[in-house]
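Chemist: make a model of this:
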Amino acid sequence: MTDLVLTPTLIQNRADKLLLASGSEARRRILQNAGLAFDVETSSINETHLKHEGLQHNWSADTVALRLAEAKALSVQKPDRIVIGADQMLSCEGEWYDKPEGLEGARQQLLQLRGKTHILHTAVVLCFNGQVLWRHVARPMLTMRLFSHAFLEHYLATEGAACLGCVGSYRLEGPGIQLFGTIEGDEFAIQGLPLLPLVAALRTMKVLSD
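Modeler: Residues are numbered from 1 along each chain as shown. Below you'll find the predicted structure:
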């Protein structure tokens, strides 16, 4: 592992801020609430190409999520900055799902997921000077209840465009929670960032105080 030069501050030992390679508001909010100091630089990788490559090579959803997270982090590398890359794949009965295209796309996704259990493969990596130092994948499992068509229409009318930026067409921090019967796994990972494994890794690297 690459040695990191640290300058003690408060709970975050490193003088330079972390760099989040994601434009996700949910990930930004999670890190802010955890008291981490970081900058944001959005990656512009071709996610569709990587997912297509994964299908061609029969990669698992875990592998694709990790490849996406790594590609994001490595694309925004800056000297001596620790970069957090994260991404998420949704799989259900062997099929992968992307963010919906329009409300009709959201409607079809939710009808396909209704009454079934799906997995959110949530990957996070830490990179430093072009090297991946650490990687992790969480796999929360979520089961949608058999909601009625009337509820689905009310839900889409309530959420509107807000559900279009989320794989699976739901936000658990919003009315989307009412779509579900059971949820197993870390709430932070469901929102897009496995926070506890991440901060544990940062403590091991002496970025955060123990």
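Chemist: residue 51: neighbour count?
Modeler: 19 (other CB atoms under 10 Å). For glycine as for every other residue, the C-beta is placed from the backbone atoms N, C-alpha and C.
Chemist: what's the closest non-adjacent residue to it?
Modeler: Of all residues not flanking residue 51 in the chain, residue 64 sits nearest, at 6.0 Å (CB to CB, 6 or more residues apart in numbering).
Chemist: and the strand or helix carrying that neighbour, what does it pack against?
Modeler: Assigned by DSSP states H and E, residue 64 falls within helix 61-75. In this structure, helix 61-75 makes packing contacts with helix 47-56, strand 82-92, strand 117-128, strand 131-138, judged by 3 or more CB pairs under 8 Å, 6 or more residues apart in numbering; DSSP states H and E.
Chemist: between these, which gets nearest to residue 192?
Modeler: Judged by CB to CB, the one of those that comes nearest to residue 192 is strand 82-92, at 5.4 Å.
Chemist: check the spatially most central residue of the chain and give its pLDDT.
Modeler: Geometric centre of the chain, nearest residue: residue 192, 2.7 Å, by CA atoms, centre = their mean. For residue 192, the model assigns a pLDDT of 93.
Chemist: isn't it right up against residue 24?
Modeler: Yes: shown here, residue 192 and residue 24 form a contact pair, counting by CB atoms under 8 Å, at 5.6 Å.
Chemist: overlap in contacts of these two?
Modeler: Counting by CB atoms under 8 Å, 6 or more residues apart in numbering, the residues touching both residue 192 and residue 24 are residue 86.
Chemist: low-confidence stretches in the protein?
Modeler: By pLDDT under 70, the low-scoring segments of the chain are 1-10, 15.
Chemist: elements contacting whatever helix or strand residue 203 lives in?
Modeler: Secondary structure assignment for residue 203, by DSSP H and E: helix 195-204. Applying 3+ CB pairs under 8 Å, 6+ apart, one finds that helix 195-204 contacts strand 117-128, strand 131-138, helix 187-191.
Chemist: let's have those in JSON lines, adding distance to residue 50 and mean neighbour count.
Modeler: Shown next, in JSON lines, are the helices and strands packed on helix 195-204 (distance: least, CB to CB, whole Å; neighbours: other CB atoms under 10 Å):
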{"stretch": "strand 117-128", "distance to residue 50": "12", "mean neighbour count": "23"}
{"stretch": "strand 131-138", "distance to residue 50": "15", "mean neighbour count": "18"}
{"stretch": "helix 187-191", "distance to residue 50": "20", "mean neighbour count": "21"}
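Chemist: gap between the residue nearest to residue 51 and residue 170?
Modeler: 21 Å (CB to CB, to the nearest Å).
Chemist: equivalent analysis for residue 114, please.
Modeler: Residue 114 is 11 Å from residue 170, by CB to CB.
Chemist: for the two, indicate the residue with more neighbours.
Modeler: Using other CB under 10 Å as the criterion, residue 114 and residue 170 rank with residue 170 on top: 25 against 15.
Chemist: before we move on, the earlier item: if I pick the residue nearest to residue 51, what's in contact with it?
Modeler: 50, 51, 54, 89, 96, 121.
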